[in-house]
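K.L.:
Dropping a prediction and its sequence here:
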Amino acid sequence: MVARSALVIAAALVGAAASALAAEPKKECGVSTPEVVDCLNTKAAQWDKRLNAAYQAALKDAEPKQREQLRIAQRLWVKYRDANCTYYFLGEGSIARVLAADCTYRMTKQRALELENPGN
């Protein structure tokens, strides 16, 4: 039962990763767990830079009364992302590392796009 669940999760992850990667420049992530994790971490770091730039621009463009709320929201979002992705990291087997790295990548990308395109 656990093995079947892990297989289903792995298949879903591969599908999700394939669709997520389709929207970005092609970069082979390799086939081994360390290669995939490193690749996802690299992509997450790239999106984190973009997120930080979008956050700084949003702070600059915000009304004075909005700035502190944006700071609070961003700090809480970082805590949520880290806690959420740690949940996956604490899973069993090497797939847990892949799931955690994918979580960080996807959530960081989503937040960057949200701040770059408010209201969309």
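P.N.:
Sure, I can see it.

K.L.:
What score does E28 have for pLDDT?
P.N.:
On the pLDDT scale, E28 is placed at 69.

K.L.:
Would you tell me which helix is longest in the chain?
P.N.:
Ranked by residue count and defined by DSSP state H, the top helix of the chain is helix 33-61.

K.L.:
show me the contacts for the nearest residue to L90 once chain neighbours are set aside.
P.N.:
Excluding the flanking residues, the one nearest L90 by C-beta to C-beta, 6 or more residues apart in numbering is A96, at 6.8 Å. C-betas here are computed from N, CA, C, even on glycine. A96 makes contact with 88-90, according to C-beta atoms under 8 Å, 6 or more residues apart in numbering.

K.L.:
Looking at the residues you listed, which is nearest T108?
P.N.:
Y88 (14.1 Å; C-beta to C-beta).

K.L.:
thinking that closest one is in contact with T104, fair?
P.N.:
No. Counting by C-beta atoms under 8 Å, Y88 does not reach T104; the two are 9.0 Å apart.

K.L.:
any idea where the helices of the chain begin and end?
P.N.:
Using DSSP H, the helices of the chain run over residues 2-22, 33-61, 64-89, 95-116.

K.L.:
Just name the most buried of those helices.
P.N.:
Of all the helices of the chain, helix 95-116 has the most neighbours on average by mean count of other C-beta atoms under 10 Å, namely a mean of 20.

K.L.:
got the CA positions of that one in PDB?
P.N.:
Extracted in PDB, the C-alpha atoms of helix 95-116 (Å, rounded to 0.1, in the frame of the first residue of the first chain):
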ATOM      1  CA  ILE A  95      11.200  11.000  -3.000                       C
ATOM      2  CA  ALA A  96      10.700  13.300   0.000                       C
ATOM      3  CA  ARG A  97      13.700  15.400  -1.000                       C
ATOM      4  CA  VAL A  98      12.300  15.700  -4.500                       C
ATOM      5  CA  LEU A  99       8.800  16.600  -3.200                       C
ATOM      6  CA  ALA A 100      10.300  19.200  -0.900                       C
ATOM      7  CA  ALA A 101      12.400  20.800  -3.500                       C
ATOM      8  CA  ASP A 102       9.500  20.900  -6.000                       C
ATOM      9  CA  CYS A 103       7.300  22.500  -3.300                       C
ATOM     10  CA  THR A 104       9.800  25.300  -2.700                       C
ATOM     11  CA  TYR A 105      10.200  25.800  -6.400                       C
ATOM     12  CA  ARG A 106       6.500  25.900  -7.200                       C
ATOM     13  CA  MET A 107       5.500  28.100  -4.300                       C
ATOM     14  CA  THR A 108       8.300  30.600  -4.800                       C
ATOM     15  CA  LYS A 109       7.400  30.800  -8.500                       C
ATOM     16  CA  GLN A 110       3.700  31.300  -7.800                       C
ATOM     17  CA  ARG A 111       4.400  34.100  -5.200                       C
ATOM     18  CA  ALA A 112       6.800  35.900  -7.600                       C
ATOM     19  CA  LEU A 113       4.200  35.800 -10.400                       C
ATOM     20  CA  GLU A 114       1.600  37.000  -7.900                       C
ATOM     21  CA  LEU A 115       3.700  40.000  -6.900                       C
ATOM     22  CA  GLU A 116       4.700  40.800 -10.500                       C
END
